[in-house]
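Participant: Just the structure for this:
(2 chains)
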Amino acid sequence: MDLLTQPTLPKPGLLKPGQLKPGLAPDVFPPLAEGIEPAVPVPGYPNTWTHTPAQPLLRRPATRTEVAGPLDLWRKLPCDESNLAMPAPGRVAQGQLMHMSGRILDEDGRPVRGAVVELWQANAAGRYFHPIDQRAAPLDPNFVGNGRVRTDEEGRYAFFTIKPGAYPVPVKDTWWRPPHVHFSILGPSSLSRLVTQMYFPGDPMNEWDRILHSIHDPAARARLIARQTHPAEVGDGWLAFTHDIVLRGRHATPEA
Amino acid sequence: MPDSLTAPLPPSSQHTIGPFFPRTFFSAGDNDLTRLSATAAPSQRGETILLHGRVTREGGEPCVNSILEAWQADAGGHFRHPADPDHALADPDFLGWGRAWTDEDGWYSFRTLLPGGYADPAGPRAPHINLAVMGAGLMRRAQTVLFFPAFAPANAADPVMTLVPPGRRAHLLALEEAEKVEGLRRFRFDIRLRGTPEEETPFFDD
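Facilitator: Below you'll find the predicted structure:
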């Protein structure tokens, strides 16, 4: 794949009210199975003990306001940043160049078209370009480490980036986060909003990670781990990983 | 039940947004719900209002760099979304979505329209704004709903407000401030992520 041939959509226009066909967005939201959502608070993650609501969550019906969501968010959030590895001509981030791609699907396995996909990550030394990250690891002047794209007609997204480094969590009994990539996805419904993280296959640190293991269902954990594909699939200069993400929501009406 | 509902894919698990959600993701106007984009003209329908408040954790300490996302109906109580049977009546210049982050003292702010109420199959919905809070220490987003004290009869009949134990409902009411700002009414809505039942903001699950 050429660096410049990334999945892109035609210049998006504003959705007209008449284009809002039923089936454009999911309208059925079955309750989640046990073990998919993180168990809280998380041992070794002190902030979860002071920030997690202590009172039981109130289960509400999915009314119109929860089922609906902004359908033309790209007007507000520019979705044109997919190359994190090469911020400008002649500048290349340090680390192993990595092509990160996949599909955003709903619970029916349908592609979620036009979803906004935000990705952010640490640099190759395991440090974030963020004022809150003051760890004594080097910043890379050629790596900010965040991008935002919009999925195409098949629900695909793709980023060119570098493989992030691991880093220690600065708590009393320090533990390490394995290399991981953060994803934030804004789909067609408030209920399909998802913020998650993705891990790399075969890393022994995955088994020690407190955050990944807050997900108790082993199959749900496995679904957060990317799959490595042959580098030749994306051009020999890039490690290639693929990762599909499933948002909440089904369709009462089968797709025509 | 149609075939498409027989073999679902399990949804991906939520994780914390963490402390490092990039500041560079924010641009001017992200916390302004009244326009479709930073350069678009603001909506001409309804009353523009300001909303601000503090996000705090156990002990009342401020939450720094919390991410808040707001979502609401337009001034007429409509959504430009197929879930709204009257979406053709929705305000074409109103996005209804905005994002803000808290400063070092936990403060956030939004500019928006006073939302309209509407009839929902679940019951009559009072004017409200959905707020989701994400941040370090929150493994899932915390979802709450803001209501306005001026609509007391509608609030009392709202099918989400009535899920809240009566002693905690006041936490979901935004307070109108005495002074206008830029000629606009300003409302205050504080969010306490964790505390005693008397302190904590009610949060919802779907």
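Participant: First-to-last residue distance for stretch B:174-187?
Facilitator: For stretch B:174-187, the separation between the terminal residues is 6 Å (C-alpha to C-alpha, to the nearest Å).
Participant: Quick check: phi and psi at the closest residue to B:Gly123 other than its chain neighbours.
Facilitator: Of all residues not flanking B:Gly123 in the chain, B:Pro159 sits nearest, at 3.5 Å (C-beta to C-beta, 6 or more residues apart in numbering or on different chains). For the C-beta atoms, the positions are set from N, CA and C on the backbone; glycine is no exception. For B:Pro159, the backbone dihedrals (degrees, to the nearest 10) come out as phi -70, psi -10.
Participant: got a list of what the closest residue to A:Leu77 other than its chain neighbours touches?
Facilitator: Spatial nearest neighbour of A:Leu77, chain neighbours left out: A:Val116 (5.7 Å); criterion: C-beta to C-beta, 6+ apart. Residues in contact with A:Val116 (C-beta atoms under 8 Å, 6 or more residues apart in numbering or on different chains) are A:73-74, A:77, A:79, A:148-150, A:185-186.
Participant: Please tell me how far A:Val116 sits from chain B.
Facilitator: 11 Å (C-beta to the nearest C-beta, to the nearest Å).
Participant: Could you check how many residues crowd around whichever residue of chain B sits closest to chain A?
Facilitator: Nearest residue of chain B to chain A (C-beta to the nearest C-beta) works out as B:Gly137 at 2.8 Å. Applying other C-beta atoms under 10 Å in any protein chain shown, we find 24 residues neighbouring B:Gly137.
Participant: swap in A:Glu207?
Facilitator: Quick note: A:Glu207 (other C-beta under 10 Å) scores 10 neighbours.
Participant: related to what we said a few turns ago, surely the residue nearest to B:Gly123 meets B:Ala126?
Facilitator: No: taking contacts as C-beta atoms under 8 Å, B:Pro159 lies outside contact range of B:Ala126: 9.5 Å.
Participant: So the two - more neighbours on which side?
Facilitator: Higher neighbour count among B:Pro159 and B:Ala126: B:Ala126, with 24 against 16, using other C-beta under 10 Å.
Participant: For the more buried one, give me the pLDDT.
Facilitator: Here, the pLDDT recorded for B:Ala126 equals 98.
Participant: Which residue is the nearest non-sequential neighbour of it?
Facilitator: Counting by C-beta to C-beta, 6+ apart, the nearest residue to B:Ala126 once its immediate chain neighbours are dropped is B:Ala154, at 3.7 Å.
Participant: got it, and B:Phe110?
Facilitator: Nearest non-adjacent residue to B:Phe110 (C-beta to C-beta, 6+ apart): B:Leu51, at 4.5 Å.
Participant: Same question for A:Leu84.
Facilitator: Closest to A:Leu84 by C-beta to C-beta, 6+ apart is A:Thr161, at 4.1 Å.
Participant: Could I get the phi/psi values of the one you found?
Facilitator: Torsion angles, degrees, to the nearest 10, at A:Thr161: phi -150, psi -160.
Participant: Tell me how many other residues surround it.
Facilitator: Counted with other C-beta under 10 Å, A:Thr161 comes out at 29.
Participant: do the one 4 residues further on as well
Facilitator: Residue crowding around A:Gly165 was assessed by other C-beta under 10 Å; the count is 17.
Participant: Which secondary structure state is assigned to it?
Facilitator: Assigned by DSSP: H, G, I helix; E, B strand; the rest coil, the conformation of A:Gly165 is coil.
Participant: quick one: pLDDT of it?
Facilitator: pLDDT, read off for A:Gly165, is 98.
Participant: Could you pull up the contacting residues of the spatially closest residue to it that is not a sequence neighbour?
Facilitator: Spatial nearest neighbour of A:Gly165, chain neighbours left out: A:Gly126 (3.4 Å); criterion: C-beta to C-beta, 6+ apart. For A:Gly126, the contacting residues are A:135, A:137, A:164-167, A:177, A:179, by C-beta under 8 Å, 6+ apart.
Participant: try it again with 10 Å
Facilitator: A:133, A:135, A:137-138, A:164-168, A:176-177, A:179 (C-beta atoms under 10 Å, 6 or more residues apart in numbering or on different chains).
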